[in-house]
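Visitor: Sequence and predicted structure are below.
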Amino acid sequence: MAGIVRTDEERSGQPSEFQTQLYWLVVEASRLFEFLQGATEPDGDGGPVTHGPWDPAECSRQLLAWFDAGLIELFADPPDDVPRPRNAEEWRVWNGGEHLRWLDPVAARQLLSEPHRWTFESDDALVCVVRTDAGMEVTAPFL
């Protein structure tokens, strides 16, 4: 694609660190604000390894590519007026996702294309990115 700078890893057909880290954020059902922050994890010696932070436009580009390929979708937490669980059965229903608000594809694509909305100045920062059924397949072309 014209105008997109590719890393040596991407040119070699290997996923970049950026793509790999974004993939793991998707697997973990992360919120949009987390995609901009990057991640810190221990290395083999117990020291920290920092990945990111990343350019919001690049995050948007990658998430849109996965969205357009049918690999990810977005959901928001239940509205505040939904009663919170009080017992084990209500928790099962809650954790089963009955009250989640799935974003329709047009709204989801719009939100993914506007990373300036992924900050805490907007409730949109708390929208979660998850794999679709197609994205759960072992052969899903994330990387």
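Guide: Good, I have the coordinates.

Visitor: Pull up the gap between the residue nearest to residue 49 when sequence neighbours are not counted and residue 30, please.
Guide: Excluding the flanking residues, the one nearest residue 49 by CB to CB, 6 or more residues apart in numbering is residue 43, at 4.6 Å. Any C-beta I mention is one placed from the backbone N, CA and C, and that applies to glycine too. Distance, residue 43 to residue 30, using CB to CB, to the nearest Å: 21 Å.

Visitor: Compare neighbour counts for those two and give me the winner.
Guide: Each of residue 43 and residue 30 has its neighbours counted (other CB atoms under 10 Å); residue 30 has more, 17 against 8.

Visitor: Any idea which helix or strand in this structure has the lowest mean pLDDT?
Guide: Ranked by mean pLDDT, DSSP states H and E, the weakest helix or strand in the chain is helix 8-11, scoring a mean of 55.

Visitor: element containing residue 63, please.
Guide: helix 56-68 (DSSP states H and E).

Visitor: wait, residue 75 sits on residue 102?
Guide: Yes. Under the criterion of CB atoms under 8 Å, residue 75 makes contact with residue 102 at 4.9 Å.

Visitor: quick one, which of the two is more surrounded?
Guide: More neighbours surround residue 75 than the other of residue 75 and residue 102, with 16 against 13 (other CB under 10 Å).

Visitor: So which residues make contact with stretch 87-99?
Guide: Stretch 87-99 is contacted from outside by 75, 78, 79, 82, 83, 84, 85, using CB atoms under 8 Å, 6 or more residues apart in numbering.

Visitor: so residue 108, which of the three states?
Guide: Under the three-state scheme (DSSP: H, G, I helix; E, B strand; the rest coil), residue 108 adopts helix.

Visitor: and the residue of the chain positioned farthest from its centre, how far is that from residue 78?
Guide: Relative to the centre of the chain, and counting by CA atoms, centre = their mean, the farthest-placed residue is residue 87 at 30.4 Å. To residue 78, residue 87 is 17 Å away according to CB to CB.
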